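[1] Need a 3D model of the following:
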Amino acid sequence: AATDKPVVPATADGELALRRAAEAGVVEYDPGDSAFEVVGDVSDEQRAGLDSLRAVTERFGGTGVQAALNTAVYDLLDRITAYPVQDASKWTDGTGTVLPDAFLLPRGSTPPDLAYAVHTDIGDGYLHAVDARSNRRIGEDHELTEGDVIKVVSTAGP
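    The predicted structure is shown next:
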């Protein structure tokens, strides 16, 4: 039957198998990769299963699980990802973790929206924001875009 909704071929079993094989050190694979490499010893049965899975990932450019999530979040829900940081020059939080958080916000969100997504107190105490890429202050009506790294300055923050 035809549908006007997006259809993304995916194999959740294949994704799970690759993640488990990666944890076991048998394959090199990161979720969302379009391919994987066998780096450990495998039985003939495991090799046959991986070869079958490789045929699927080659045909569809991966397991499709990440593509399905991306389609749902970015296309159907029309979200963007923004990264709040405390240190705009190093893109870290207070403990030095690089890009510690990612927030999915509706397209059209502004720095105060990001502040409230982080914590109500930070939103309530919002003073201004800095675009960490350009190290420039941005207005509270600035529309955030996909992948923005933002330092929120708030009376509630450090």
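[2] Got phi/psi on P9?
    Phi and psi for P9, reported as degrees, to the nearest 10, are phi -70, psi 130.
[3] what bridges to E28?
    E37 (DSSP bridges).
[4] wait, it sits on E37?
    Yes. Here E28 reaches E37: they are 4.6 Å apart, a contact under C-beta atoms under 8 Å. Where you see a C-beta, it was placed from the backbone N, CA and C, and this is true even at glycine.
[5] which helices and strands does the longest helix seen in the chain pack with?
    If you go by DSSP state H, the chain has its longest helix at helix 44-60. Other elements packing on helix 44-60 under the criterion 3 or more C-beta pairs under 8 Å, 6 or more residues apart in numbering; DSSP states H and E are helix 12-23.
[6] Name the residues of the very next helix or strand once past the longest helix of the chain that are buried.
    Moving toward the C-terminus from helix 44-60, the next helix or strand (DSSP states H and E) is helix 65-70. Within helix 65-70, the residues that qualify as buried are V65, Q66, A67, A68, counting by 16 or more other C-beta atoms under 10 Å.
[7] With stretch 48-61 instead?
    Buried residues in stretch 48-61 (16+ other C-beta under 10 Å): L50, L53, T57, F60.
[8] Apart from its chain neighbours, what residue comes closest to the last one?
    So that's F60. P9 (5.3 Å; C-beta to C-beta, 6 or more residues apart in numbering).
[9] The one you found contacts T63, doesn't it?
    No. In this structure P9 lies outside contact range of T63 using C-beta under 8 Å: 9.3 Å.
[10] So which of the two has more stuff around it?
    Per other C-beta atoms under 10 Å, whichever of P9 and T63 has more neighbours is T63, with 28 against 13.
[11] shouldn't that one be in contact with T11?
    Yes. Applying C-beta under 8 Å, one finds T63 in contact with T11, separated by 5.2 Å.
[12] Need the residues touching each of those two.
    By C-beta atoms under 8 Å, 6 or more residues apart in numbering, T63 and T11 have these common neighbours: V56.
[13] Help me confirm that N135 comes into contact with W91.
    No. Judged on C-beta under 8 Å, N135 makes no contact with W91 at a distance of 11.0 Å.
[14] okay, these two: which has more neighbours?
    Higher neighbour count among N135 and W91: W91, with 17 against 10, using other C-beta under 10 Å.
[15] Centre of the chain to stretch 89-103, how far?
    Offset of stretch 89-103 from its chain centre (C-alpha atoms, centre = their mean, to the nearest Å): 15 Å.
[16] Thanks again, I'm all set now.
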